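Participant: everything below, folded, please.
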Amino acid sequence: MPKTSAPNRSAQATPSSSVGSNGVGVSRAGDVFQLLRDGHARTRAELADITGLARSTVAARIDALAAAGLIGPAGEAVSSGGRPPSRFAFQPATRVILAVDIGATHVLIGLTDLSGKLLCEMREHIDVATGPVPVLDAVLDHCTQLLAQAGRHASELAGIGIGLPGPVEHSTGRPASPPIMPGWDSFDVPEYVQRRFRTDVLVDNDVNIMALGERAAFWPDAENLLFIKVATGVGAGIISGGLLQRGADGTAGDIGHIRVPRGADVLCRCGNHGCLEAMASGPAVAAALAAGGVPAVTGEDVLDLARRGNLAAISAMRQAGRDVGEVLAACVNLLNPSIIVIGGGLSSAGEYLLAGVREIVYQRSLPLATARLRIVQSMAADHAGVLGAGQMVIDHVLAASGVERLLAEQQAS
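Facilitator: Numbering: from 1, shown residues only. Down below sits the predicted model:
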């Protein structure tokens, strides 16, 4: 991939000049490739029937995709007489993606193939508050190590996806006034990363990529899904109509600063009173326990106490769930999701948090909106971020327009 400081993230295809027998509009090699992304092997004749293109045109498209390493031979079809026709299928292992999930105090880096399969990973404790240069330098060093560990070369990279724990202007990859990331505001993350790796770099808010990862791995048919992260902060990733909703300025889903009635006198770090984050985040729950004489400083302390059966911690976790539920009840009435996934550090305490969420959501939301609603714990757990960062890149580079750019680069080289 070429070095670009603000890669084109549009997955929109240009109008096609041919419409296949099944109504699929196809003309370019990138369009033909979309028919093979499901992994099913097909012959040139089958693709010609689907697309309505001439067999010679399909053959040329297949040759271009094979030369780029995106597809390859996948055996032979049954012959109806004469030489059996060759079949072709998507080859996801030909290129790899570096997927980076940067949290408040940790970094998880994964290497995936083009299907999103996680090949290997590396976890490190890094404080995001130390600033963009030391954090990204450490991340890029680990990326280099991970590539070497997997026996892959930087030239095989299809792209790098990064999640950050704060608002991000997705079109540029620059953090936008992130509250827990001093020194990161407007820092050009893609440009800095591309000094080391000449590939597309996409950056988004961590909860957005968690929503993408959870959906891709476990709920691929869910068109309307909310992913709620309850950890150092509280946020939501919104998938509506099958698309991730970022809002006008990338701040959609910032539910952590919605006011909850119980917290009228509680000051939030944003300067307002009663924010959900000031009531239900890991540090907030720990502070409430400490004020009652229970030794807790961090969200991890709260989890440890709850797992050991501390009744005060269990009660505090359930109340945090109720507070989250107060906000989610309004979200359910507004967005009508079919699935709400609860993730983040505090969700690993299991049913304590979820019980509080369910109690309030089912009580306060409209019956029709909750008739088929499922509220579940994240199945991707702490891998949701890296899976989503990888999926974000996959959706970018394997879209018809992304494939066309790759083929153009192949021809130019």
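Participant: who touches A312 in this structure?
Facilitator: Listed by C-beta atoms under 8 Å, 6 or more residues apart in numbering, the contact set of A312 reads 289, 292, 294, 305. Backbone N, C-alpha and C define where each C-beta goes, glycine included.
Participant: repeat that for V96.
Facilitator: 111-114, 119, 147, 150, 152, 156-158.
Participant: find me the pLDDT at it, would you?
Facilitator: On pLDDT, V96 comes in at 97.
Participant: how many other residues sit next to D221?
Facilitator: Applying other C-beta atoms under 10 Å, we find 7 residues neighbouring D221.
Participant: state the distance from it to S338.
Facilitator: 10 Å (C-beta to C-beta, to the nearest Å).
Participant: re the thing from before, of the contacts of A312, just the buried ones, ChimeraX syntax please.
Facilitator: In ChimeraX syntax, the buried subset of the contacts of A312 is picked out as below (16 or more other C-beta atoms under 10 Å):
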select :289,294,305
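Participant: so A216 sits against V393, correct?
Facilitator: No - A216 is beyond contact range of V393, at 11.8 Å (criterion: C-beta atoms under 8 Å).
Participant: which one of these two has more residues nearby?
Facilitator: A direct count of neighbours by other C-beta under 10 Å for A216 and V393 places V393 higher, at 29 against 20.
Participant: could you give the mean pLDDT of the helix or strand that one falls within?
Facilitator: Using DSSP states H and E, V393 sits within helix 384-397. What helix 384-397 shows for mean pLDDT is 96.
Participant: same deal with stretch 351-369?
Facilitator: In the prediction, stretch 351-369 has an average pLDDT of 93.
Participant: buried residues in it?
Facilitator: Neighbour-count burial for stretch 351-369, counted by 16+ other C-beta under 10 Å, picks out 352-358, 360-361, 365, 369.
Participant: how far is it from where the chain is centred?
Facilitator: Relative to the chain's own centre, stretch 351-369 is displaced by 25 Å; criterion: C-alpha atoms, centre = their mean, to the nearest Å.
Participant: next: stretch 138-156.
Facilitator: 21 Å.
Participant: buried stuff in that stretch?
Facilitator: Quick answer for stretch 138-156 (16+ other C-beta under 10 Å): 139-140, 142-143, 146-147, 152, 156.
Participant: list of residues touching it?
Facilitator: 94-96, 98, 100, 102, 107, 109-111, 119-122, 124, 126, 157, 160, 193, 196-199.
Participant: just the strands in the stretch 51-200 of the chain please.
Facilitator: Along the stretch 51-200 of the chain, counting by DSSP state E, counting those that start in this stretch, strands occupy 71-76, 86-90, 96-102, 107-113, 118-124, 157-164, 168-169, 174-175.
Participant: thought V266 was touching A278?
Facilitator: Yes - between V266 and A278 there is a contact at 4.8 Å, judged by C-beta under 8 Å.
Participant: common neighbours of these two, please.
Facilitator: Residues touching both V266 and A278 (C-beta under 8 Å, 6+ apart) are A284.
Participant: quick one: which of these two has more around it?
Facilitator: Using other C-beta under 10 Å, the more surrounded residue of V266 and A278 is A278, with 24 against 17.
Participant: follow-up on the earlier one: between the strands of the stretch 51-200 of the chain, which one is nearest to V207?
Facilitator: Among the strands of the stretch 51-200 of the chain, strand 157-164 comes nearest to V207, with 8.2 Å by C-beta to C-beta.
Participant: elements contacting the helix-or-strand element of the chain with minimal mean pLDDT?
Facilitator: When the helices and strands of the chain are compared on mean pLDDT, DSSP states H and E, strand 71-76 comes out lowest with a mean of 84. With contacts taken as 3 or more C-beta pairs under 8 Å, 6 or more residues apart in numbering; DSSP states H and E, strand 71-76 sits against helix 55-67, strand 86-90.
Participant: run the last query once more with 10 Å
Facilitator: Here strand 71-76 touches helix 29-34, strand 42-43, helix 55-67, strand 86-90, going by 3 or more C-beta pairs under 10 Å, 6 or more residues apart in numbering; DSSP states H and E.
Participant: and these: which comes nearest A380?
Facilitator: strand 86-90 (22.9 Å).
Participant: run the angle between the closest one and strand 71-76 for me.
Facilitator: For strand 86-90 against strand 71-76, the angle by axes from the mean of the first three to the mean of the last three C-alpha atoms, to 10 degrees is 140 degrees.
Participant: could you give the angle of strand 86-90 to helix 55-67?
Facilitator: 50 degrees.
Participant: report the buried residues of strand 86-90.
Facilitator: Across strand 86-90, burial judged by 16+ other C-beta under 10 Å covers 87-90.
Participant: so what are the sheet partners of it and their directions?
Facilitator: Partners of strand 86-90 in the sheet, by DSSP bridges, are strand 42-43 (antiparallel), strand 71-76 (antiparallel).
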